[in-house]
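J.: Requesting a structural model of the entry that follows:
(one chain, ligands or ions: 2)
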Amino acid sequence: MLRTIGLMSGTSLDGVDAAWVETDGEAIGRIGPALTLTYDPALRRDLRRLLDLAPTLDKPDDPFLADCVRRLTERHAEAVARLREQSRAQLGEDADLVGFHGQTILHRPATSRPAAGDPADASGFTWQVGDAGLLSRLSGLAVAYDFRSADVAAGGQGAPLVPVVHAAMAATLPKPLAVLNLGGVGNVTFIGRDGALVAFDTGPANGPLDDWTRRATGRDYDQDGELALAGTADGAVLGRLMAHPYLAAPPPKSLDRLDFDRALREAGAGELSPQDGAATLATFCAVCVAAAARHFPEPPLQWLVGGGGRRNPAIMRALAGVLEQPVRPVEVAGWNGDALEAQAFGVLAARVTRGLPLTFPGTTGVAQPLAGGRVIGVPA
Ligand SMILES: Nc1ncnc2c1ncn2[C@@H]1O[C@H](COP(=O)(O)OP(=O)(O)OP(=O)(O)O)[C@@H](O)[C@H]1O
Ligand SMILES: CC(=O)N[C@H]1[C@@H]2OC[C@@H](O2)[C@@H](O)[C@@H]1O[C@H](C)C(=O)O
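T.: Ligands and ions are numbered 1, 2, ... in the order given. Model prediction:
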């Protein structure tokens, strides 16, 4: 087994999650420490600006992009260094391989589903920034990266990638099961009785709520759902948002962090009070999950929720109100809901080194199970 460090910088742009996992890409051995290094306000602001600029950026040469990439990568290297200190202290173990997702700044996969045997539809595009060479030099470790582009080039959605890892972690849990991640965007993995996967992005999760809270209060997010719990969801705005064609569209499907921004503006959310706006966005996150469940082949026995959204009681209450099955944080299964995505990129890194598939027809819509990713350096 390889001793991996998985790194995920999610759509919330709040920081980098890092986690130590022993794995061969299929089985999961020891699970070690995990940590989050937040980004300083200047880096957060610049990454947010990068998202807005991404569609018009002149890729290789833009000095603003290069500066953001360097700062982002250095922060990742710091996370690796600190986590190695912890894994040495706690387990007496170092690491062999890093899984480096980078930061998605633009995600525009092709929309049509390729049929088996059709030529690949390469019109999609997904862009994760981060300097794997620099991270490898700074850490002295082999680095697996570029996890999404082979899938998009083959006509897949390029996301979500974590379902194969959810399935490995849930090996002994009763099925059918739904594993929900509520980050900036929500994504769900339905695991059937036979292990078959149906996975896709549910809709916006914390992203619009974070933006709303920042504008209304200056704070980075609605801590413990304080704002949302003090308000009432607006039925008319919710009704307009629920009509968004993404919700009814069958999977495979995935989202860019900003895909719903226009719909949110046009739905009139901007007219609401800070509290009612937050309540509406928290409820909308849950409504998107309920809409997602309609695309499952059968109802799950329960929902396990990871990601920062499980810490927002307004979202968790709204979920319990719209879903018919029990909704619980992933901790009930003994998992760490803050580290799950980072752990997944450690497992995916090991899969990259072994040429195992990362994506499947039921996850990204790719025609056949597909390997992906690239590696710099040789795992120790
Ligand atoms: N105590 C809390 N109360 C309310 N919300 C919280 C709390 N803690 C975290 N969050 C929310 O969770 C978000 C971060 O979640 P997470 O780290 O899972 O997202 P991410 O990994 O960046 O996104 P993605 O999974 O879409 O890539 C924060 O931006 C915030 O909205
Ligand atoms: C393009 C991209 O970076 N997508 C992220 C994002 O954040 C959540 C959701 O949208 C998910 O599809 C994906 O991340 C997870 C880690 C995934 O690929 O499984």
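J.: any idea how far Ile376 is from Ala342?
T.: Look at Ala342 and Ile376: by C-beta to C-beta, to the nearest Å, they are 19 Å apart. Every C-beta, even on glycine, is put in place using the N, C-alpha and C of the backbone.
J.: the more surrounded of those two?
T.: Just comparing Ala342 and Ile376: by other C-beta atoms under 10 Å the higher neighbour count belongs to Ala342, 28 against 18.
J.: what about the more buried one, helix or strand, and which?
T.: Element membership for Ala342, per DSSP states H and E: helix 340-354.
J.: Would you mark the buried spots in the helix of greatest length in the chain?
T.: Across the chain, the longest stretch assigned as helix under DSSP state H is helix 63-91. Using 16 or more other C-beta atoms under 10 Å as the test for burial, helix 63-91 gives 65, 68-69, 71-73, 75-77, 79-80, 83-84, 87.
J.: nearest residue to the closest residue to ligand 1 within the stretch 251-380 of the chain other than its sequence neighbours?
T.: Ligand 1 sits closest to Gly308 of the stretch 251-380 of the chain, with a gap of 1.8 Å, by C-beta to the nearest ligand atom. Of all residues not flanking Gly308 in the chain, Asn206 sits nearest, at 5.8 Å (C-beta to C-beta, 6 or more residues apart in numbering).
J.: What is the burial count for the one you found?
T.: Burial measure for Asn206: 28 neighbouring residues, criterion other C-beta under 10 Å.
J.: pretty sure it contacts Ser12?
T.: Yes: assessed by C-beta atoms under 8 Å, Asn206 is found in contact with Ser12 at 5.9 Å.
J.: which residues are common contacts for those two?
T.: Residues touching both Asn206 and Ser12 by C-beta atoms under 8 Å, 6 or more residues apart in numbering: 183-184, 221, 308.
J.: Which residues are in contact with the residue of the stretch 251-380 of the chain closest to ligand 1?
T.: Counting by C-beta under 8 Å, 6+ apart, Gly308 touches 12, 14, 182-183, 206, 221, 338.
J.: which one among the residues you listed gets closest to Met1?
T.: Of all these, Met1 sits closest to Asp338, with 23.3 Å by C-beta to C-beta.
J.: tell me the SS of that closest one?
T.: Put simply, Asp338 is coil when judged by DSSP: H, G, I helix; E, B strand; the rest coil.
J.: neighbours around it, how many?
T.: Counted with other C-beta under 10 Å, Asp338 comes out at 19.
J.: and the residue of the stretch 51-200 of the chain nearest ligand 1?
T.: For the stretch 51-200 of the chain, C-beta to the nearest ligand atom, closest residue to ligand 1: Gly183, 2.0 Å.
J.: Pro204 is in contact with that residue, correct?
T.: No: counting by C-beta under 8 Å, Pro204 is not a contact partner of Gly183; they are 10.3 Å apart.
J.: what about the two, which has more around it?
T.: Taking neighbours as other C-beta under 10 Å, Gly183 and Pro204 compare with Pro204 leading, 28 against 21.
J.: what's across from the more buried one in the sheet?
T.: Val185 (DSSP bridges).
J.: Distance-wise, check it relative to Tyr246.
T.: As for Pro204, its distance to Tyr246 is 10 Å (criterion: C-beta to C-beta).
J.: OK, contacts around Ala267?
T.: Neighbouring residues of Ala267 by C-beta under 8 Å, 6+ apart: 237, 240-241.
J.: The helix or strand encompassing Val143 packs against which elements?
T.: In this assignment (DSSP H and E), Val143 forms part of strand 142-145. Applying 3 or more C-beta pairs under 8 Å, 6 or more residues apart in numbering; DSSP states H and E, one finds that strand 142-145 makes contact with strand 97-108, helix 132-139, helix 340-354, strand 374-376.
J.: now the helix or strand bottoming out on mean pLDDT in the chain, how far from the chain's geometric center?
T.: For the chain, using mean pLDDT, DSSP states H and E, the weakest element among its helices and strands is helix 261-266, scoring a mean of 92. Centroid separation for helix 261-266 versus its chain: 22 Å, with C-alpha atoms, centre = their mean, to the nearest Å.
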